[in-house]
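Asker: predicted structure and sequence below. I'll ask about it afterward.
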2 protein chains.
Amino acid sequence: MKKKQTYHHNDLKKDLIKKGIDLVNNEGLKSFSLRKVAAACGVSHGAPYSHFKNKEKLLSEIQIHITEEFSKVLKETIAKHGEKPDVLEHLGKAYVVFFMDNPHYFSFLYTQSNIRIDLTLNENEDSNYGPFEIYKELSLSLMEKANYPKDKQKDAVIALWAFIHGIASLATMKKVYYDENWEKKIVDFMNVFNCSFLENNNTKK
Amino acid sequence: MKKKQTYHHNDLKKDLIKKGIDLVNNEGLKSFSLRKVAAACGVSHGAPYSHFKNKEKLLSEIQIHITEEFSKVLKETIAKHGEKPDVLEHLGKAYVVFFMDNPHYFSFLYTQSNIRIDLTLNENEDSNYGPFEIYKELSLSLMEKANYPKDKQKDAVIALWAFIHGIASLATMKKVYYDENWEKKIVDFMNVFNCSFLENNNTKK
DNA sequence: ACTTAATGTAGACAGTGTAAAGATTAGGTA
DNA sequence: TACCTAATCTTTACACTGTCTACATTAAGT
């Protein structure tokens, strides 16, 4: 119901990315194919090669868009809750919920795409994986406020990230059975590890 | 240098699984194909269909073998360190090291295969994912010994598993840069979260 | 009106999974 | 021994994939 009649699509590149994201999101990478995406855009199977060198390059652009979408969600979460002590809980929850809302994104981003994540805490703001940079800055800032020992901050940044990342991994995995609500349990999980910079130990005796 | 001359292979099924594991291990699932595996066994591309209904079924058997290999490593670790307080550290280390030794196994097992993981802590010993059952039994037993509050044991089991799982995920991801030795850092990460049933808080202040 | 570059189509090729028909062989039975 | 049957393997065929190449169409500038 658009403009299939014209030879030129007018913004095929964007449309390929959009329809490509839909395909990844709905069916996962396994059944993703360039030809399907081309067909979804109403265009011949060779057309994508005018905009992307190969399949990998289209997937790479899709990864960039998904990463930006993810970063936006995290930023909004921080903006909403400010640098209050419990913001890390909300950030963790947002991390997990983002991938639960888009179940195929997790394995696509973390095991199929070519994202680069630098965990060394060096200055990296431009080239590094955006979501980690956002989290890193926030958590380091909170640790400073909490007077968390400087020599342990680096370990703490990695450990908490791995922890949340692991929960998201489990929560989005097919065939994982769990009788609780992942989203609601995040805080309980954090309470298991009572840790001074997570200022929620008050709920623990 | 074997018996390519005979029409029958004599144990093609096992050989397909073995050569299939090699292929997954060396090149990952992306470049895994039934025809390559068949060729590696010196057999025509149709032969595997006498032993497996389709590609998925072969991959499923490969998953079972890898899972058993993983379970074996975990059991050996427990056998070696007994139920001493620091056994969870060694188990976590074994978890991470297993996947670092076989980098393609992680995404294969957890995002490409069809393993079933029941985290509800119900009785499941036969059908559930073996490695989790092994860990679950051990950690619950340790929590009992440490008088860890009963109503928090379930959360603690999941949280610690997610944590170790997350570290393994990061440690085996392509293009993740980290300037420390993952294996050696496991204990430090655990120390970030000082927790009564992890009896290693003594190393913290 | 003509040129040029960008953008699209069509056809070909190799590699993939899988199905079907047939060849080979092992093992049991007469 | 000779035969039968089921298991195992080969061959052929087909649809689908990524990618390449030659060519068609079009937009934009001269």
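Answerer: Nice, I can see it.
Asker: show me what from chain A comes close to DNA strand C.
Answerer: With C-beta under 7 Å from any atom of the strand as the criterion, chain A meets DNA strand C at residues A:7-10, A:12, A:38, A:43-47, A:49-51. Every residue, glycine included, has its C-beta placed from N, CA and C.
Asker: which of those are buried?
Answerer: Buried positions within the residues of chain A next to DNA strand C, assessed by neighbour count (16 or more other C-beta atoms under 10 Å in any protein chain shown), are A:9, A:12, A:38, A:43, A:47, A:51.
Asker: and which of these is nearest to A:Tyr148?
Answerer: Set against A:Tyr148, the nearest of these by C-beta to C-beta is A:His51 (47.8 Å).
Asker: contact partners for that closest one?
Answerer: A:12-13, A:16, A:58 (C-beta atoms under 8 Å, 6 or more residues apart in numbering or on different chains).
Asker: any idea of the mean pLDDT in the helix or strand hosting A:Ala159?
Answerer: In the assignment (DSSP states H and E), A:Ala159 maps to helix A:150-172. Averaged across helix A:150-172, the pLDDT comes to 96.
Asker: centroid residue for chain A?
Answerer: Nearest to the mean C-alpha position of chain A, counting by C-alpha atoms, centre = their mean, stands A:Phe70 at 4.5 Å.
Asker: OK, contacts around the nearest residue to it once chain neighbours are set aside?
Answerer: Leaving aside its chain neighbours, A:Phe70 sits nearest to A:Pro131 (5.3 Å; criterion: C-beta to C-beta, 6 or more residues apart in numbering or on different chains). When contacts are counted by C-beta under 8 Å, 6+ apart, A:Pro131 touches A:67, A:70-71, A:74, A:95.
Asker: chain B: which of those is nearest?
Answerer: Chain B lies nearest to A:Tyr95 out of the contacts of A:Pro131, by C-beta to the nearest C-beta, at 11.1 Å.
Asker: roughly how far does that closest one sit from A:Gln63?
Answerer: 17 Å (C-beta to C-beta, to the nearest Å).
Asker: between the two, which one's more packed in?
Answerer: For the pair A:Tyr95 and A:Gln63, the greater number of neighbours falls to A:Tyr95 (23 against 19), based on other C-beta atoms under 10 Å in any protein chain shown.
Asker: buried ones in the lengthiest helix in chain A?
Answerer: As assigned by DSSP state H, the longest helix anywhere in chain A is helix A:55-81. Across helix A:55-81, burial judged by 16+ other C-beta under 10 Å covers A:55, A:58-59, A:61-63, A:66-67, A:70-71, A:73-74, A:77-78, A:81.
Asker: so where's chain A uncertain?
Answerer: Scanning chain A for pLDDT under 70 picks out A:1-5, A:7, A:199-205.
Asker: that one against DNA strand D: which residues are in contact?
Answerer: Applying C-beta under 7 Å from any atom of the strand, we find that chain A lies next to DNA strand D at A:6-8, A:32-36, A:45-46, A:49, A:54-56.
Asker: and A:Val157, what does it touch?
Answerer: Counted by C-beta under 8 Å, 6+ apart, A:Val157 has contacts A:121, A:135-136, A:139-140.
Asker: filter the residues you listed down to the buried ones, PyMOL style.
Answerer: Buried residues within the contacts of A:Val157, by 16+ other C-beta under 10 Å, are selected in PyMOL with:
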select buried, chain A and resi 135+136+139+140
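Asker: which of the contacts of A:Val157 sits closest to DNA strand D?
Answerer: A:Tyr135 (33.2 Å; C-beta to the nearest atom of the strand).
Asker: tell me the SS of that closest one?
Answerer: When classified by DSSP: H, G, I helix; E, B strand; the rest coil, A:Tyr135 comes out as helix.
Asker: not counting its neighbours along the chain, what's nearest A:Lys19?
Answerer: In space, A:Lys19 is closest to A:Ala40, 4.2 Å off (C-beta to C-beta, 6+ apart).
Asker: so which residues of chain A form strands?
Answerer: For chain A, the strands defined by DSSP state E cover A:117-118, A:176-177.
Asker: need the residues that contact the last one.
Answerer: So that's strand A:176-177. A:170, B:116-120.
Asker: partner strands of it, parallel or antiparallel?
Answerer: Under the criterion DSSP bridges, strand A:176-177 sits next to strand B:117-118 (parallel) in its sheet.
Asker: mark out where each domain of chain A begins and ends.
Answerer: A:1-52, A:55-203 (automatic domain parsing).
Asker: any idea how far the closest residue in space to A:Arg35 that isn't next to it in sequence is from chain B?
Answerer: Counting by C-beta to C-beta, 6+ apart, A:Arg35 lies nearest to A:His45, which is 4.5 Å off, once chain neighbours are set aside. Distance, A:His45 to chain B, by C-beta to the nearest C-beta, to the nearest Å: 21 Å.
Asker: now do A:Phe163
Answerer: Distance, A:Phe163 to chain B, using C-beta to the nearest C-beta: 5 Å.
Asker: now swap in A:Ser31 and tell me
Answerer: On the measure of C-beta to the nearest C-beta, A:Ser31 and chain B end up 13 Å apart.
Asker: of all the residues in chain A, which one is nearest chain B?
Answerer: A:Gly166 (2.6 Å).
Asker: grab the nearest non-local neighbour of that residue.
Answerer: B:Gly166 (2.6 Å).
Asker: that neighbour: how many residues sit nearby?
Answerer: B:Gly166: 24 surrounding residues under other C-beta under 10 Å.
Asker: how far away from the center of its chain is the helix holding A:Ala159?
Answerer: Chain-centre distance of helix A:150-172: 14 Å, with C-alpha atoms, centre = their mean, to the nearest Å.
Asker: flag every buried residue along that helix.
Answerer: In helix A:150-172, counting by 16+ other C-beta under 10 Å, buried: A:152-172.
Asker: check stretch A:187-203 too.
Answerer: Under 16+ other C-beta under 10 Å, the buried positions of stretch A:187-203 are A:187-195, A:197-199.
Asker: quick one: which of those residues is nearest A:Asn181?
Answerer: Looking across these and measuring by C-beta to C-beta, the closest to A:Asn181 is A:Asp188, at 10.4 Å.
Asker: doesn't B:Lys154 make contact with the closest one?
Answerer: No - using C-beta atoms under 8 Å as the test, A:Asp188 is too far from B:Lys154 to be in contact (9.3 Å).
Asker: please identify the most buried of the strands of chain A.
Answerer: Among these, strand A:117-118 has the highest mean neighbour count (mean count of other C-beta atoms under 10 Å in any protein chain shown), at a mean of 20.
Asker: good, wrapping up.
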